[in-house]
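have a look at this prediction, sequence included:
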Amino acid sequence: MQLGMAMQQNDSILSVQNLKEACEVFRKAISIHQALAAADPADGEYQHALGADYGSLGYTQRKISDLTGDPENYHLSVQSHLKELQINEALFKSDLTNPSYLNLFGVAHMDVANSQIRLGDASHALEHFRKYLTSLESLERRLTRPMSNSEREYLLRMAWWAKLWHRQATFPELCRTASRGWRAYSGMSPPTQRTPRCAPP
């Protein structure tokens, strides 16, 4: 899967052919992780990896359509992200106290929305964006509970990127809702890490 991500993210080798090859790498990773997850359904790490595989596949399919202008891979991208969402929702429901699982669940909603909006399906995209926002608001509430410094830093970083993303969002209504949810972080400096995959396209 690391090979596929490298091919997907390296602008110097970004081409439709390389993206198609990356899709094949992600499909092989999906096959491997599906087998591992089936052999040990209780292992959340395999489910996590499988959801990430589908998320990366969907993102790459979306990039192909961005380059070609052909909507076919946008449709494929929506299907991949819906599978990502299904897996991450089950993962979150298996441990409702796990903030990382909640974050994965929320990001999957945003991934679906990002592909739907490219197909002009604004109504369904907005529905998923709202669910993404709900998950972020839940993460914010968890900041008031005792947690480790590393966990707190992780959630603060997610809060920053959420605020940044919603400032650039297409939907004014969502922007207004988000600004209320993340007003507490108005004085934060941006983290120095690379923008995560869930950042705006």
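That came through fine.

skip ahead from the one helix or strand residue 104 maps to and say which helix or strand is next.
Assigned by DSSP states H and E, residue 104 falls within helix 99-118. Using DSSP H and E, the helix or strand that directly follows helix 99-118 along the chain is helix 122-142.

that next one packs against which elements?
Helix 122-142 sits against helix 99-118, helix 149-167, helix 172-181, with contacts defined as 3 or more CB pairs under 8 Å, 6 or more residues apart in numbering; DSSP states H and E. (Each C-beta comes from the backbone N, C-alpha and C, glycine too.)

worst average pLDDT in these?
Among the helices and strands packed on helix 122-142, helix 172-181 has the lowest mean pLDDT, at a mean of 41.

low pLDDT regions in the chain?
Applying pLDDT under 70 to the chain flags residues 1-13, 142-201.

same thing but at 90, please
1-15, 41-44, 95-103, 120-123, 125-127, 129-201 (pLDDT under 90).

now do the buried residues in stretch 41-54.
Buried residues in stretch 41-54, counting neighbours by 16 or more other CB atoms under 10 Å, are found at 44, 46, 47, 48, 49, 50, 51, 52, 53, 54.

from the residues you listed, which land in strands?
Judged by DSSP state E, the buried residues of stretch 41-54 include no members of strands.

turn those residues into a markdown table, including distance to residue 114.
Putting those into a markdown table (distance: CB to CB, whole Å) gives the following:
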| residue | distance to residue 114 |
| --- | --- |
| 44 | 25 |
| 46 | 25 |
| 47 | 22 |
| 48 | 20 |
| 49 | 21 |
| 50 | 20 |
| 51 | 16 |
| 52 | 16 |
| 53 | 17 |
| 54 | 14 |
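
mind listing which of those residues are in helices?
Within those, residues falling in helices by DSSP state H are 44, 46, 47, 48, 49, 50, 51, 52, 53, 54.

separation between residue 134 and residue 128?
Taking CB to CB, to the nearest Å as the measure, residue 134 falls 11 Å from residue 128.

would you point out the most distant pair within the ones in helices among the buried residues of stretch 41-54?
Maximum pairwise distance among those (CB to CB): 15.7 Å, between 44 and 54.
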